[in-house]
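Visitor: Let's see this in three dimensions:
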Amino acid sequence: MITPRYARERGHADHGWLNTYHSFSFADYFDPKHTGFRDLLVINEDRVQPNRGFGTHGHRDMEIISYVLAGALQHKDSMGHGAVLRPGELQRISAGTGILHSEFNPSAAEPVHFYQIWLTPDHAGHQPSYEQRRFDPAERQGKLRLVASPDGRDGALTIHQDARVYLATLGPGQAVAHALEPGRHAWLQVTRGEVDLNGQRLATSDGAAVSDESHLDIAARDDAEVMLFDLP
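Guide: Next up, the predicted model:
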């Protein structure tokens, strides 16, 4: 069963400095039909104006993945990390027992466009930790590139959850396939372009929940990029 979550149906808030869309309930947006999917709790698509950002705030017991599509995102946290995240890079924060961090667009002219994703951890109380990694575009051209997993294999980020996250960049007519083990579920997020997911058409910023399917066939209608979550 494939249940689309179309971009136009998401929660939305425009704060001037921040234009944000919520696939699931978040902050002042609440929809009892969309409070997450499995262990995937947040998919926010954010655009932050130049020289603006999120001031220092706290998180705990959450696996947080950020992925920049355009621009740059500056990160600082209470663990002593300070870095700039750019297109093609992913960041993972395990908030665990608690962290403070800030996110800021350091550009004087260019907005930053990024996704922020939250997953529940396998249990509470992990030691807070941080990773940032660049994935070569060639590694995901025409194929699913593992970018986060519980064991961090193949150079992926390490997350405290039995979930696997993949990225794929597809040209027109290109396709990738992914097998789902019995009892597993998936979420597909289209970050760019248009694809068919098992025949279901999805466009930029659309998502889809997948259950009771043994395989996923993802075919690009044009230049496209997708993020796939394989979930328990």
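
Visitor: Report the secondary structure state of the residue lying farthest from the centre of the chain.
Guide: Distance from the C-alpha centroid of the chain peaks at residue 108, with 25.5 Å (CA atoms, centre = their mean). Three-state call for residue 108 (DSSP: H, G, I helix; E, B strand; the rest coil): coil.

Visitor: List the contacts of it.
Guide: Neighbouring residues of residue 108 by CB atoms under 8 Å, 6 or more residues apart in numbering: 50, 51. To be clear about C-beta, it is placed using only N, CA and C from the backbone, and glycine gets the same treatment.

Visitor: if we go to 6 Å?
Guide: For residue 108, the contact set (CB atoms under 6 Å, 6 or more residues apart in numbering) comprises residue 50.

Visitor: Check the contact between residue 78 and residue 100; I expect there is one.
Guide: Yes - counting by CB atoms under 6 Å, residue 78 touches residue 100, with 4.1 Å between them.

Visitor: still on that earlier bit, any idea how far the residue farthest from the centre of the chain is from residue 114?
Guide: The spacing between residue 108 and residue 114, counted by CB to CB, to the nearest Å, is 18 Å.

Visitor: Can you pull the phi/psi pair for the residue farthest from the centre of the chain?
Guide: phi -90, psi -10 (degrees, to the nearest 10).

Visitor: when you give positions from now on, start the count at 3
Guide: With 3 as the first residue, the last one maps to residue 110.

Visitor: if I look at it, how far off is residue 87?
Guide: 18 Å.

Visitor: Repeat that for residue 219.
Guide: According to CB to CB, residue 219 and residue 87 sit 31 Å apart.

Visitor: So for those two, which sits in the more crowded spot?
Guide: Each of residue 219 and residue 87 has its neighbours counted (other CB atoms under 10 Å); residue 87 has more, 21 against 14.

Visitor: Please name the bridge partners of that one.
Guide: residue 75 (DSSP bridges).

Visitor: Report whether the expected contact of it with residue 76 is present.
Guide: No - contact status for residue 87 versus residue 76: not in contact, 7.7 Å apart, counting by CB under 6 Å.

Visitor: In the chain, what residue spans correspond to helices?
Guide: For the chain, no helices turn up when DSSP state H is the criterion.

Visitor: Find the centremost residue of it, please.
Guide: residue 119 (4.4 Å).

Visitor: what's the spacing between the residue nearest to that residue when sequence neighbours are not counted and residue 87?
Guide: Counting by CB to CB, 6 or more residues apart in numbering, residue 119 lies nearest to residue 67, which is 4.4 Å off, once chain neighbours are set aside. To residue 87, residue 67 is 11 Å away according to CB to CB.

Visitor: can you check residue 155 too?
Guide: 22 Å.

Visitor: What's the local residue count around residue 144?
Guide: The burial count for residue 144: 13, using other CB under 10 Å.

Visitor: Just the pLDDT at it, thanks.
Guide: At residue 144, the pLDDT value in this model is 96.
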